[in-house]
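Undergrad: The sequence isn't on hand, but the structure is:
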């Protein structure tokens, strides 16, 4: 049984990273040091570039696959190699294999404490798409911003609604986030004002990394879609609700989301998640043929949570607990729909799930929903109140699967919010130039 | 006077590419051959990599800037180098300079007939953003799809509305476009159907290429915005109106636009466009301070047109003629707004203007507007009728500036529409699997 596979490296019972996981990331010994691929095992990172240099993990003899600043080359090598490398790593790290276990010189080269290294964006993300696939979330937002009686728009149940996000502002866990500024429309004012966002929010999401591209004009069928998915990460899709509400009609969210999206540093492979496959909700109406698949095992049982820690506080509060399995649209359906009109996906593209909310308030995936747009503020255990995120707050999302004594985790995606940029528009100067122009 | 500068290469009076233009592109001698940078002069491409190899156009001694498959490295070298290289090229190509003129061996190395080479995407485009900055276009669309009495939404006059496009499906002029398929909601049907798009449209746009990046969290001020713009291209933002209408609420256009966006192969530099600066419309209300600039010279007088040629026809019909100067929001305003919340732009990013419509039907920038959503079909000179684009149609957009005998042109962006993919959903098989699952 896989769950009985053991490594010669001791891994704590509650670790996210047993030998059955081996999620992929990119690390360097110093912040500016050379980036290369690694996998997490317990508290350690295993340097895949060092293993490669020592003759292990060979894919192409002609070029380095792991001595690279991103995982794209490895991912692009294909699904067979994902399996092959994973199996070789599990073999190499297993308790009963002396090859690495007893080679202390090599062990010194390949093992680094996670606490001692810098973790980076694991992939170069060319395209970022964010879906909106939690029925509970879409319903909650529809209730607040549109019509409670028709909260879910007609298209929502027919297709996985999604939009193009901004790939350049995707950051790795641990990177600070500057509070965004922009136009806000206050109800009492006739015109918008310029302000730092007053409704800064998180969105609890997962994302999957595209592992196989398709050619422009050649859609990926639902039958083949799973073969195009390399693995999953945690995603915090930071959102400025006040900017969003003013700007999003008719072309969708823009500045409200383009200032930062944080992902966890470790990509958990679909193979590692395999034991946690589960059903997704029954889809009613039955989707059109191109989106149809067996719903009995097209989701994953992934526990997700959000914690907040305010500036200077020792206290951390868990403010949401939910599960990936509540998602209405599967990852395969998202991917197939994305390409059905011909769009080409690229290796390393990130596809966000959309905010994952359950049916109870404790399982809502954003502050907007938890505090019901400021009408039900949260009281934290240190007595502070929150409707939206304050400067100095650190938001941390975690995720893990657990079953029959096997725990496969995602680690975390964390980020601290810094105060907004101070602007000086030299307003007089602008007025002057303007009057000259008229 | 610049307009009297002459090259030793003969350039036709009506050419888009006199020595005053020298737009940048990427070419190869054969379709799969080595890509490198070039500029257009009359009917010729000048091989900048060959000039570089012969000791001209030196920016960094340590690396090749023009012997590259995209222009990104050159663009990233900075605005001073854009000017320097342009000046050196104009000097090298001028009629009274013997250096290149009289060196026949070198001339053989650097001059290629445009008709004999393959032109490619000139830049690697990391991010693609499309704005919606023509008041006439936004008003027309608002009239058709929302409320004629309140066609322009309140936010439209306050900020340059835009959305994230899909960068991976940007293609160079001459690339065929496969008709997209997807979900269409017909008025008489309760549920959407799956179909090839029946309302395939073009959108006449220009785009600008970002020439200088900014750091995440550090907005670009309106005063500095122009320094971040390298040059302009023509852009056909192909759109499937029926997919769009069903999918776009609430997160904006997605599959309706992600199947293809075509750009012209030549990037016209802002320096070449300098003589054609003109005013943009007076903005009422006056924008918020961060978007304020002198409107007397923040636009360009660029004549734009769209031609259609149907399959097997010798006839080409001009179906729209408009001008870039009608744009309400300037490129600097678009760029500043894009970064005001902190979003980082990257060298090579493409920013689309949005459809450029004038006030008269002859100047509308899409078939949706020209035929007023199918209610006023066009009759072409060969007798065929068009409401939307048919398979086999070739759409060609052109653009040029003209003043005091000087013509600076963009060449063209052209694309032919191919029939949709034939789908076979193996519906029975899907049904079978589904019933097993239930």
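TA: Thanks, I have it. Since the structure is predicted, the reported quantities are computational estimates derived from the model, not experimental observations.
Undergrad: pretty sure residue A:88 belongs to a helix, no?
TA: Yes. Under DSSP: H, G, I helix; E, B strand; the rest coil, residue A:88 sits within a helix.
Undergrad: Secondary structure element holding residue A:46?
TA: Applying DSSP states H and E as the criterion places residue A:46 in strand A:44-47.
Undergrad: ok, that strand: who's next to it in the sheet?
TA: strand A:36-41 (antiparallel), strand A:111-113 (antiparallel) (DSSP bridges).
Undergrad: residues making contact with the shortest one?
TA: Judged by CB atoms under 8 Å, 6 or more residues apart in numbering or on different chains, the contacts made with strand A:111-113 from elsewhere in the structure are A:9, A:27, A:29, A:38, A:43, A:44, A:45, A:46, A:47. Every residue, glycine included, has its C-beta placed from N, CA and C.
Undergrad: Filter the residues you listed down to just the buried residues.
TA: A:9, A:27, A:38, A:43, A:44, A:45, A:46, A:47 (16 or more other CB atoms under 10 Å in any protein chain shown).
Undergrad: what two of those have the greatest distance between them?
TA: Using CB to CB, the two most remote members of the buried ones among the contacts of strand A:111-113 are A:9 and A:27, lying 16.6 Å apart.
Undergrad: quick revisit: what helices and strands are in contact with the helix or strand just after the strand holding residue A:46?
TA: Counting by DSSP H and E, the next helix or strand C-terminal to strand A:44-47 is helix A:48-53. With contacts taken as 3 or more CB pairs under 8 Å, 6 or more residues apart in numbering or on different chains; DSSP states H and E, helix A:48-53 sits against strand A:36-41, helix A:104-110.
Undergrad: So which elements touch the longest strand along chain A?
TA: For chain A, the longest strand by residue count, based on DSSP state E, is strand A:406-418. Using 3+ CB pairs under 8 Å, 6+ apart, the elements in contact with strand A:406-418 are strand A:177-178, strand A:229-236, strand A:261-263, strand A:268-269, strand A:394-403.
Undergrad: for the residue lying closest to residue A:277 once chain neighbours are set aside, phi and psi?
TA: Closest residue to residue A:277 apart from its sequence neighbours, by CB to CB, 6 or more residues apart in numbering or on different chains: residue A:297 at 4.5 Å. Per-residue torsions, residue A:297: phi -150, psi 40 (degrees, to the nearest 10).
Undergrad: follow-up on the earlier one: relative to chain B, which of the helices and strands packed on strand A:406-418 is closest?
TA: strand A:177-178 (3.8 Å; CB to the nearest CB).
Undergrad: Tell me which of the strands paired with strand A:44-47 lies nearest to residue A:386.
TA: Nearest of those (CB to CB): strand A:36-41, 31.6 Å.
Undergrad: by how many degrees do the closest one and strand A:406-418 diverge?
TA: In terms of direction (axes from the mean of the first three to the mean of the last three CA atoms, to 10 degrees), strand A:36-41 departs from strand A:406-418 by 120 degrees.
Undergrad: that older thread, can I get the contacts of strand A:111-113 in TSV with pLDDT?
TA: Shown next, in TSV, are the contacts of strand A:111-113 (pLDDT from 0 to 100):
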residue	pLDDT
A:9	97
A:27	98
A:29	98
A:38	98
A:43	98
A:44	98
A:45	98
A:46	98
A:47	98
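Undergrad: how many other residues sit next to the closest residue to residue A:36 other than its chain neighbours?
TA: What sits nearest to residue A:36 in space, not counting adjacent residues and going by CB to CB, 6+ apart, is residue A:49, at 3.7 Å. Neighbourhood size, residue A:49 [other CB atoms under 10 Å in any protein chain shown]: 21.
Undergrad: residue contacts, the residue of the stretch 1-150 of chain A found nearest chain B?
TA: Taking CB to the nearest CB, chain B has its nearest neighbour within the stretch 1-150 of chain A at residue A:127, 5.4 Å off. Residues near residue A:127 by CB under 8 Å, 6+ apart: A:164, A:167, A:345, A:346, A:349, A:350, B:166, B:167, B:168.
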